[in-house]
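how would this look folded up:
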Amino acid sequence: MMDVKLHRVYNTVKAVLIIMPFVTLLYLYIGTPTAGLDFTSLLQGNPLLALTFLIAMIQPFIVLMLGAAEKDEIAGLGEGALVIITLLLIAECMMRHLLGIVGLIVLFYLTFRKVTLSGAGFKALLRNKQIWGQALGGLVILLLAALCLFIALRIG
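Residues are numbered from 1 along each chain as shown. Okay, the predicted model is just below:
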């Protein structure tokens, strides 16, 4: 059974991350007329804005993975939730998305506090195919975050 505080934090982090694409689109559409360009020209002309747009569009997939982590937490698989949150936290750090980093650090702390990791528990975690499937989703997001990091480093 998940405690109410952790459930609220999950929902708050998911709500903040799910509105990020809309906030970014609003920001870009407001900036488009002031630059005298259409939306696609603005993204083509400014790679930093294109990167910001790409990072914002990855956030709903992170919310989807957080839903899987929350279901694991409800089912009593706190270790699986911890694996997913760790992968997502690494991805958010690679994308340098501050709101996601702060939210996932809080989730990591609250989940880590509830989970007791032991050697036998870790071996059972490695044998759980459901957690591997969910971790694969986190690895795909990690791959997209690595692409964003590469682009950010190339931009300078």
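
right, and residue 144 touches residue 58 too?
Yes. Residue 144 is within contact range of residue 58, at 5.5 Å (criterion: CB atoms under 8 Å). Placement of C-beta: from N, CA and C, glycine included.

So for these two, which residues contact both of them?
Shared contacts of residue 144 and residue 58, defined by CB atoms under 8 Å, 6 or more residues apart in numbering, are found at residue 91.

Quick test: name the residue nearest the centre of the chain.
With distances taken as CA atoms, centre = their mean, residue 62 lies nearest the centre of the chain, 3.6 Å away.

confidence score at that residue?
Note on residue 62: pLDDT of 96.

Specify the next element, helix or strand, located C-terminal of the helix or strand hosting it.
Element membership of residue 62, judged by DSSP states H and E, is helix 47-74. Next in sequence after helix 47-74, counting helices and strands by DSSP H and E, comes helix 78-95.

Which strands or helices does that following helix pack on?
Under the contact criterion of 3 or more CB pairs under 8 Å, 6 or more residues apart in numbering; DSSP states H and E, helix 78-95 touches helix 47-74, helix 98-114, helix 119-127, helix 129-155.

Can you give me the neighbour number for residue 101?
Neighbourhood size, residue 101 [other CB atoms under 10 Å]: 16.

unless I'm mixing things up, it is touching residue 89, no?
Yes. Residue 101 is in contact with residue 89 according to CB under 8 Å; the separation is 7.0 Å.

quick revisit: pretty sure the residue nearest to the centre of the chain is touching residue 92, no?
Yes. Using CB under 8 Å, residue 62 is in contact with residue 92, at 7.3 Å.

so what's in contact with those two at the same time?
residue 100.

Retrieve the pLDDT associated with residue 31.
Residue 31 carries a pLDDT value of 72.

hang on, I meant residue 146
pLDDT, residue 146: 96.

Tell me what angle the helix holding residue 62 forms with helix 98-114.
In terms of direction (axes from the mean of the first three to the mean of the last three CA atoms, to 10 degrees), helix 47-74 departs from helix 98-114 by 20 degrees.

Show me what helix 47-74 is packed against.
Using 3+ CB pairs under 8 Å, 6+ apart, the elements in contact with helix 47-74 are helix 4-35, helix 39-45, helix 78-95, helix 98-114, helix 129-155.

lowest-confidence stretch among the helices and strands packed on helix 78-95?
Across the helices and strands packed on helix 78-95, the lowest-scoring stretch is helix 119-127, with a mean of 71.

State the distance from the closest residue to residue 17 other than its chain neighbours to residue 12.
Spatial nearest neighbour of residue 17, excluding adjacent residues (CB to CB, 6 or more residues apart in numbering): residue 59 at 4.6 Å. Counting by CB to CB, to the nearest Å, the gap from residue 59 to residue 12 is 14 Å.
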